[in-house]
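Q: My questions are about this predicted structure, shown below with the sequence.
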Amino acid sequence: MADHNDPNAVNHIFSDIDYSPADLYDLFGWPTAGGNNVVFALTFASTPAAGVLDSDLLYRLLLTSHPRVAWPDSNEISLESVLRYFDAVKEKYLGELKTAEIRVTVETPNRVTLKFLGFPGGNFSTTVDANKAVAIPTPDGHTIQAFIGGRDDAFFNDLTGFFRSINYAPQFYHVPHTMTEARELPIPKTLLELDGNDLFNNRPDMPKWGYTQLDGTTPKLDLPAGPWTWNGNKFKKDADGNFRFVYDGRDCRAKQNCNAIILEIPHSFITPKTADNRLVNGWGESWVRKAAHKVESIPDDPSWLQHPWKVIREKESDDELRKYKLVDTDGQPFADAALSEREDDRQLGANNFWLGPHFIKRLAHLGWGFGPSISALGLKTSFNHDNSPVSVHKTYDSAALAFPRVAKTLFQKLNMSDDSWNPKGLPIPLRRPFEIFIPNVCAVDMDTTGSWPFGRRLEDQVATRFLAMFLDMEAEWNGRKYHIELLGQQGLWDSAPIVPKTPPNPLKNDKEFLDQFPYLAEPWPEKW
Amino acid sequence: MASQTAPRPRRLPGYAEELARAEMDIAALESSRQSHPVNLERRIRLAYRLFHRASLSETMGHFEAVAAVTREIIDEFGPKEDICLLQANLDFRFHRLGEVRRDLQMCPLLPGRFEARALLADLDFQEGRYDAARLQFERLIAEQPTWDNLARLAHWKSKLGDPSEADQLYEEAEDDLTAKQMQSYAWLELQRGLLDFTHGRYEGAWRHYQRADEAFPGDWHSDEHIAELLAAEGRFHEAAELFRKVIARSAKPELQQALGEIYVLSGRPEAARPWLASARATYLGSVQRGEVHYFHHLADYYADAQEEPAEAVRWARKDLELRSNYSTQSAMAWALHRNGQLSEAVEYIRLALSSGVRDAQIFAMAAMLYEAAGENGQSESYSQAALQVNPKYRNFHIHH
C-alpha cells in the first residue's frame, strides 16, 4: 500500500485517548495514633477496574521527614524573598534531604509487590494480595498497614463548577486535541456568571451539559468558531438582583471508584528522630513500563514471591525504574489543575521549583477572575484587582509584574476555622500559599490533625479551601476572621446575593469514610 | 526455595487481541450512535477506532468504512480539526497527496498544528523537498520529541543520511513508547529490521523481526518481513509457505506479486502465474475505481513481473505526476530503460541520484543504466556503491 514511512498508521492513540491507570487522582496524608503513625493514600484511575490493577504500572510514594523550620525571611513580602524561598527549597530537596520510597508493582491483577527503599531500617520487599488490608512487619520491628486495591473515590467536588470557573472548554465542548489554545478559553475566569457569557453560563435547557454521567459520557456541545470572547462589563444578575454561582455544590465524583495505595506507617520507620522531624512530606508518582522492557522475557521472579524479606540493592532498584516512564505526579491538590495547567512537561512532583515564577503568574491570572467575584459578593479579597467591578482576563509574561497583585495572596497566613487542627496547642505557624504549593508535596505536620494545609485529611473540602486563598484573611465576617472554611459555611451563602445558595462544593463525601484502616470507603459495587 | 530460573517467555497480547478490542469498541460505538446520534465525540472516536482496525488489517473494506464515517461526520458537523486530520492521514496513505493539503486546509488553523506539520513534512518528503522535510522533522522534535517524529527523521536518515543515525533515532523513538503501545513498538522494530535488511545485515534483521513478533504477536506485518528475509536467504520454500499464510490473512496484491516472484525465482513459473495474475487484477481494479496508490506497483509489475515496458512507463509516469521523488524517478528510469528509452532513463536516474539517496537498489540500477549508456566509469562507481551499501543487494526483496 503506502510505499513510505507512515508512523501515524500505527499511532492509533493520536486522537482517542483511553482512561489510564497512570492518571493519579489525589494524595491524602494525615497523622494517626497520636502522631506516631502517618497515613498516606494515593488514589488513581480504576482502570481496568476498581480492585483490578494494571501490571504495566509502577507507583511510587516518596517520603521524607524533617523538622518544622521557620523560614527566616518570613516577614519580608517581596518577589525577591519568595524567589529566595524557591531557591532554598530547591537546595534542600536536591541536596540535603534523603528521600525514601515505597514502590508498588503489580505481579498479577490481584498480587502486588511493595518495595521499601531508603528507610533507616534497610531495604526490603514483600508481596501481598490486592484488595485486602494487610499488616507488613518490617525488618526493624515495625508494622505497616497496607491496602492496595479498589475503593470509593474519596474526592468530593463540583468539578464541573470548577471547570466552568476557569473556562475549561473540553468539559463542555468537543475540543480536538490539536486545538491546544481552546482548552482554557481566553475570557475572564470567574466564580459568578458573566452577563452575556454564552460560552459557559448555565443553560437551564441542558441540565446535564458538562456533567460527566455514570456511564462515562459527558454531554457536550460543538465548540463555536472563535474568536472566543466576552464583551460584557458586569456579572449576570437575575430579576431579584442575585448573581448566578458557577458552582452548584454537587459531587461530580459521587458513585465513582478509584484504585488506591493506602499505607499507615510508623513515623519511627521513616525517621529515627521523630521528636525533631515533625514534618513528613509525601508525593506520589505513576510510571508505565516502557515497551522495550515489556518484550524482555521477564520471569515471575520466585525470589520476590517467596522471599518477602529479600534485600535489594540500590542499583537494582534504579535499574528497575529505568524500565519505566514517568507519567504523573501528585502532591498538593489543585497543583496540577489550577496552577500547572495540566501540562505533561510540568509533571515534576516535589521538584517543581522551576515552576515558582510560573506559579506567581498563574495565581495572578486566577486572581483577576476570582478576586472581583469575591468582592462582588461583599467579601474582602487578598488579590489586588484595583476595585475592578467584574472579572478580568489577564495573563502575565513576567513574575515581577504579577507579584504586586498577588503579594498578599501568596504571603498571607491561611487562618484555620478553629483550633482543632492543633490539638497540642503548639506554636505551629499557619501556612501560606507559596509554602504550600512549592514544593508540590503533601506536608503532614505530625503535631496536627493533618487537616489541609497541614496534610490532607479525607474529609477536607480542599477545593473550597483552595478558593479561600483569594479571601483576605485579615478581614472579618460575623465578627470572626476569615478562614479557610468560610466559603463552606451555608450561612455565608444564605446571606449572599447569589443563587444557588450553596457552598461551591459538597461538604462531605457521598460515602462515609471508615474510622479505621484503610479509611477510604468500600468501592461501589457496580464497578466490581 | 529461592532460585534464579531461566526467563520463561510469556506470550504478550498481540494482533488478535488488539483487533478484537477494536471490533468491540467499534460495536459499542456503533450501538451508542443509534442512541446518541449527535454525540460528535463518540462519532469521532468511532472514526478513529475504525482507522485503527483498518491499520491492523489493511483491508480495503475497513479503510472504506473509515472514509464513509469521516465523510458523514464532515457532512453532518462540518470540518473539525481531528476528523480532517484523520482524513488527511487516510489520503496520505493512499497517495492522494493533493487531497492531504485540501483536508488540512478545511480547518484554517490545522496546517499549523503539530500533528499536521508532521504530515506536511511527510508530504515534502514524498514530493522531493527533502531538506524542507528534514528541517521540519528536526523542528518538531525540538518542540516535542514524540516517537512518531523521531521515526520520521529516522526514515529520512535511512534513505538520505547516515543509517547508523537512523537506527539510533528509531531506538530513541522506541524509548518513548510504553507497554500500552506495543503495536507501535513492533512497527519500529520492523523498521529497524528493514534498515538492517537493506544493508545486508540479515542477522540484525532477524533479531529485530523476531522482537517485533514477540512484542506484538500474530501480526502479519512481521510475518511479511520475515517471509521476505527467508526469500532473501534463498529459503524460497519456507518463504512461499509464509507468504501464503500472510496472504490468507491480508490479500494485498503486492504480497501476491511477491509470492509469484518467489515461485519464479525457485523455478516454478506455473505456480507463480495465478498469484501474479491476481496481483495485476487487483492493481488494475484499484485503478479502475479511481485509486492512485498502486501506480508504483503497476510500474514495477509491468517492468519485471510481466514484461510490458510501455505499460510500465505509463504507470510510472502517472505516479511521477503525483509525487516526484527518488523512488518514483528511479521507477521511471527503470521502466524507460526496459522500454528501450535509454537516454531518458539515464536522465531520470540522474535526477533520482541527485536527491542524495543512498539505496543499494537504486545504485545498482544506476550502474546498469550507465553501463548500457556506455558510461563505464559511472557504472563501476555505482556498482561499488551498491555493494558498499548492501553486499547482498542482488538477493530477493519486495517493495515496501
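A: In hand now; what should we look at?

Q: how about low-confidence regions in the chain?
A: All of this refers to chain A. Scanning chain A for pLDDT under 70 picks out A:1-18, A:70, A:72-74, A:91-97, A:296-317, A:336-355, A:526-528.

Q: hmm, I had chain B in mind actually
A: Looking at chain B by pLDDT under 70, you get B:1-10, B:399-400.

Q: Counting neighbours, what do you get for whatever residue of the stretch 201-350 of chain B ends up closest to chain A?
A: Nearest residue of the stretch 201-350 of chain B to chain A, counting by Cβ to the nearest Cβ: B:Ala215, 4.6 Å away. Heads up, the C-betas are built off the backbone N, CA and C, glycines and all. Using other Cβ atoms under 10 Å in any protein chain shown, B:Ala215 has 28 neighbouring residues.

Q: Which phi and psi values does it adopt?
A: Phi and psi for B:Ala215, reported as degrees, to the nearest 10, are phi -70, psi -40.

Q: Distance check, it against A:Ala292.
A: Counting by Cβ to Cβ, to the nearest Å, the gap from B:Ala215 to A:Ala292 is 9 Å.

Q: Overlap in contacts, the two.
A: B:Tyr185 (Cβ atoms under 8 Å, 6 or more residues apart in numbering or on different chains).

Q: ok, the nearest residue to B:Gln361 once chain neighbours are set aside - contacts?
A: Nearest residue to B:Gln361 in three dimensions, chain neighbours excluded: B:Tyr393, at 6.2 Å (Cβ to Cβ, 6 or more residues apart in numbering or on different chains). Each residue near B:Tyr393 by Cβ under 8 Å, 6+ apart is listed here: B:Gly200, B:Ala360, B:Gln361, B:Phe363, B:Ala364, B:Ala386, B:Leu387.

Q: ok, back up a step: how far away is the residue of the stretch 201-350 of chain B closest to chain A from B:Glu18?
A: Noted for B:Ala215: a distance of 12 Å to B:Glu18, by Cβ to Cβ.

Q: biggest helix in chain A, by residue count?
A: Counting by DSSP state H, the longest helix found in chain A is helix A:356-376.

Q: Export only the CA atoms of that one, formatted as PDB.
A: What follows is helix A:356-376, C-alpha atoms only, in PDB (Å, rounded to 0.1, in the frame of the first residue of the first chain):
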ATOM      1  CA  GLY A 356       7.900  29.100  41.100                       C
ATOM      2  CA  PRO A 357       7.800  32.100  38.900                       C
ATOM      3  CA  HIS A 358       5.000  30.400  36.800                       C
ATOM      4  CA  PHE A 359       3.100  29.900  40.000                       C
ATOM      5  CA  ILE A 360       3.100  33.600  40.700                       C
ATOM      6  CA  LYS A 361       1.900  34.500  37.200                       C
ATOM      7  CA  ARG A 362      -0.700  31.800  37.200                       C
ATOM      8  CA  LEU A 363      -2.000  32.800  40.600                       C
ATOM      9  CA  ALA A 364      -2.300  36.400  39.400                       C
ATOM     10  CA  HIS A 365      -4.200  35.200  36.300                       C
ATOM     11  CA  LEU A 366      -6.600  33.300  38.500                       C
ATOM     12  CA  GLY A 367      -6.800  36.200  40.900                       C
ATOM     13  CA  TRP A 368      -8.100  38.600  38.200                       C
ATOM     14  CA  GLY A 369     -11.000  36.100  37.800                       C
ATOM     15  CA  PHE A 370     -11.700  35.200  41.400                       C
ATOM     16  CA  GLY A 371     -10.800  38.400  43.100                       C
ATOM     17  CA  PRO A 372     -13.500  40.600  41.600                       C
ATOM     18  CA  SER A 373     -16.100  37.800  42.100                       C
ATOM     19  CA  ILE A 374     -15.300  37.700  45.800                       C
ATOM     20  CA  SER A 375     -15.500  41.500  46.000                       C
ATOM     21  CA  ALA A 376     -18.900  41.500  44.200                       C
END
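
Q: which helices and strands sit right next to it?
A: helix A:79-91, helix A:399-411, helix A:433-437 (3 or more Cβ pairs under 8 Å, 6 or more residues apart in numbering or on different chains; DSSP states H and E).

Q: of those, which approaches A:Trp228 most closely?
A: When the helices and strands packed on helix A:356-376 are compared by Cβ to Cβ, helix A:399-411 sits nearest A:Trp228, at 23.1 Å.

Q: so who does residue 331 touch?
A: In the absence of a named chain, chain A is used. Under the criterion of Cβ under 8 Å, 6+ apart, the neighbours of A:Gly331 are A:Leu27, A:Gly282, A:Trp283, A:Gly284, A:Gly349, A:Ala350, A:Pro439, A:Asn440, A:Val441, A:Cys442.

Q: try chain B instead
A: B:His296, B:Ala299, B:Asp300, B:Ala303, B:Ala316, B:Asp319, B:Leu320 are the contacts of B:Ala331 under Cβ under 8 Å, 6+ apart.

Q: Could you say which helix or strand holds the fifth one?
A: The one in question is B:Ala316. Using DSSP states H and E, B:Ala316 sits in helix B:309-322.

Q: Which of the three states applies to A:Val288?
A: strand (DSSP: H, G, I helix; E, B strand; the rest coil).

Q: Wait, B:Glu371 touches B:Gly377, no?
A: No - between B:Glu371 and B:Gly377 there is no contact under Cβ atoms under 8 Å: 10.3 Å.

Q: Tell me where chain A has helices.
A: In chain A, the helices defined using DSSP H lie at A:79-91, A:159-165, A:267-270, A:291-295, A:302-306, A:314-321, A:356-376, A:399-411, A:433-437, A:462-468, A:490-494.

Q: Now tabulate these in CSV and tack on mean neighbour count.
A: As requested, those are exported to CSV (neighbours: other Cβ atoms under 10 Å in any protein chain shown):
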stretch, mean neighbour count
helix A:79-91, 17
helix A:159-165, 23
helix A:267-270, 22
helix A:291-295, 22
helix A:302-306, 14
helix A:314-321, 12
helix A:356-376, 24
helix A:399-411, 20
helix A:433-437, 23
helix A:462-468, 24
helix A:490-494, 14
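
Q: ok, which residues in the stretch 101-250 of chain B are in contact with chain A?
A: Taking Cβ under 8 Å from any Cβ of the partner chain, the part of the stretch 101-250 of chain B that reaches chain A is made up of B:109-110, B:113-116, B:118-119, B:122, B:125-126, B:147-148, B:151-152, B:155, B:174-185, B:187, B:191, B:211, B:214-215.
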